[in-house]
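Asks: Fold the following and give me the result.
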Amino acid sequence: MDTTGNFWAFLSDNLNLFMGYTSFANLTVGHLVMIAIGCAFIYLAISREFEPILLIPIGFGILLGNIPFWGADHIVNGDPNNLQIGVFQYGSILNYLYYGVRQGIYPPLIFLGIGAMIDFSALISNPKLILIGAAAQIGVFGAYAAALGLGFSPSEAGSIGIIGGADGPTAIFLASKLAPELIGIIAVSAYTYMALVPVIQPPIMRLLTTKNERLIRMKPPRTVSKTEKILFPIIGMLFTCFIVPSGLPLLGMLFFGNLLKESTVTKRLADTAKGPMIDIVTIMIGLAVGSSIQASTFLTTKALLIFVLGAASFVIATLGGVLFVKIMNLFLKKGNKINPLIGNAGVSAVPDSARVSQFVGLEYDKTNHLLMHAMGPNVAGVIGSAVAAGVLLSFLF
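Replies: Residues are numbered from 1 along each chain as shown. Predicted coordinates:
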């Protein structure tokens, strides 16, 4: 008997079997493309500092979600005897993390943390700035109409349109209710354009404004009392939620977080909400969303259209905010006019879009600081995007 031959045949068979279970044997060009995209996200976050808190978890999640494994296409959800590896496999850690995305749990928690960070003083001192935040939501409804025209269903179109609000948590929340199968691509699109705020918005702002408009100096915001700061989240929650009850999960948590901050007697709770809690939720939502972005769903014509529509909605939102300020100035007396460079801050990308207003303004006048003024429409944009999501949810859910 040739024992040596049998040994080598046995070894060869087992090596072939082992290789069949490795990712190398199941790798496709699509997986390689997605891995490259994940690496690009991480590169942009580290090298260019584009929203690193968001892009690093999402980018690494994309890497996790695109490691191919044997039997991935044949695993039945709900069967605990099957492999428990990927984000869509019942019983895996990624699947449990993704549950919070799928059920819309994470976005309200992030809004709680955002509320604990936000200072509404600029908006309270100049209430008309809330109109700029409302005007910027034209991007949401413009993209909604465009998506309908391109053949998306009303629910899908609503989920795509909200990308124009430049608010990742809101986009995830609405998509989880209206188009769960699109959560990943919509979330990545929303966060990508949020990260690109400093790149996309300045050219639009310069194009739509004249030199004289960029030099407009606004009156310093008045001092806001503690009583006003405490009453604002209470009145704001009641007013907005009575108008759009379906926006309560987001709006309620936003204003609750702000009340924790402004009351000054719950500092520990406010610090937890805006610190450890929002950091933990950001890690979980980034990894879960990134892991759900896989070659089979991402590298499609539909996904490409969503990215294009997301960009269009973001551009329209910026246009809407800047142009609305120019229209407002037609009715305002000299000395009360608003610098249209803060119109871009109507999108809900706090505080990045407000910083863009500041940077562009300083290009033309080193002493004209617009940041505090821009924070007014910026926080109004947070409220506006949540209200827009509530409106779409009430009609389409």
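Asks: Let me see the ranges of the helices in the stretch 151-300 of the chain.
Replies: Listed from the start of the chain, the stretch 151-300 of the chain has helices (DSSP state H, counting those that start in this stretch) covering 154-161, 168-178, 183-195, 197-208, 211-214, 226-243, 248-262, 267-272, 278-292, 295-298.
Asks: Ignore what I typed, I meant the stretch 1-150 of the chain.
Replies: Taking DSSP H, counting those that start in this stretch, the helices of the stretch 1-150 of the chain run over residues 3-21, 23-26, 29-47, 52-65, 93-102, 106-117, 121-125, 130-135, 138-149.
Asks: out of the helices of the stretch 151-300 of the chain, nearest to Pro220?
Replies: Nearest of these to Pro220, taken as C-beta to C-beta: helix 226-243 at 16.8 Å. Yep, even glycine has a C-beta here, placed from its N, CA and C like the rest.
Asks: So which elements touch the helix or strand containing Met328?
Replies: Assigned by DSSP states H and E, Met328 belongs to helix 301-329. In this structure, helix 301-329 packs against helix 130-135, helix 138-149, helix 154-161, helix 183-195, helix 197-208, with contacts taken as 3 or more C-beta pairs under 8 Å, 6 or more residues apart in numbering; DSSP states H and E.
Asks: Indicate which one of the ones you listed is closest to Gly104.
Replies: Across the helices and strands packed on helix 301-329, the minimum distance to Gly104, taken as C-beta to C-beta, is reached by helix 183-195, at 9.6 Å.
Asks: residue closest to the middle of this structure?
Replies: Gly168 (1.4 Å; C-alpha atoms, centre = their mean).
Asks: OK, contacts around the residue nearest to Gly30 when sequence neighbours are not counted?
Replies: In space, and not counting its chain neighbours, Gly30 is closest to Ala295: 3.1 Å by C-beta to C-beta, 6 or more residues apart in numbering. Ala295 makes contact with Thr28, Gly30, His31, Val33, Met34, Asn66 under the criterion C-beta atoms under 8 Å, 6 or more residues apart in numbering.
Asks: follow-up on the earlier one: I'd like the helices of the stretch 151-300 of the chain as CSV, with distance to Gly361 and mean pLDDT appended.
Replies: As requested, these are exported to CSV (distance: least, C-beta to C-beta, whole Å; pLDDT from 0 to 100):
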stretch, distance to Gly361, mean pLDDT
helix 154-161, 30, 94
helix 168-178, 26, 93
helix 183-195, 21, 88
helix 197-208, 9, 94
helix 211-214, 7, 94
helix 226-243, 26, 97
helix 248-262, 27, 97
helix 267-272, 31, 97
helix 278-292, 29, 94
helix 295-298, 38, 84
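Asks: of all those, which lies closest to Ile342?
Replies: Across the helices of the stretch 151-300 of the chain, closest to Ile342 is helix 197-208 (C-beta to C-beta), at 9.5 Å.
Asks: If we go by neighbour counts, what in the closest one is buried?
Replies: Val197, Pro198, Ile200, Gln201, Pro202, Ile204, Met205, Leu208 (16 or more other C-beta atoms under 10 Å).
Asks: Next, give me the two most distant ones among these.
Replies: Pro198 and Leu208 (17.2 Å).
Asks: any low-confidence regions in the chain?
Replies: For the chain, residues meeting the criterion pLDDT under 70 lie at 1-5, 7, 10, 18, 20, 70-84.
Asks: And stretch 90-103, what's buried?
Replies: Ser92, Leu94, Asn95, Leu97, Tyr98, Gly100, Val101, Arg102.
Asks: can you check stretch 123-135 too?
Replies: In stretch 123-135, counting by 16+ other C-beta under 10 Å, buried: Leu123, Ile124, Ser125, Asn126, Leu129, Ile130, Leu131, Ile132, Gly133, Ala134, Ala135.
Asks: with those residues in mind, which one is nearest to Met117?
Replies: Leu123 (14.3 Å).
Asks: In contact with the residue nearest to that closest one when sequence neighbours are not counted, which residues?
Replies: Closest residue in space to Leu123, ignoring its immediate chain neighbours: Gly376 at 4.5 Å, by C-beta to C-beta, 6+ apart. When contacts are counted by C-beta under 8 Å, 6+ apart, Gly376 is found next to Ala122, Leu123, Ser125, Asn126, Leu129, Ile130, Ile132, Pro221, Ile342, Ala345.
Asks: Columns distance to Tyr21 on top of the helices of the stretch 151-300 of the chain, output as a markdown table?
Replies: Output for the helices of the stretch 151-300 of the chain, formatted as a markdown table (distance: least, C-beta to C-beta, whole Å):
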| stretch | distance to Tyr21 |
| --- | --- |
| helix 154-161 | 37 |
| helix 168-178 | 34 |
| helix 183-195 | 26 |
| helix 197-208 | 43 |
| helix 211-214 | 62 |
| helix 226-243 | 53 |
| helix 248-262 | 43 |
| helix 267-272 | 44 |
| helix 278-292 | 20 |
| helix 295-298 | 20 |
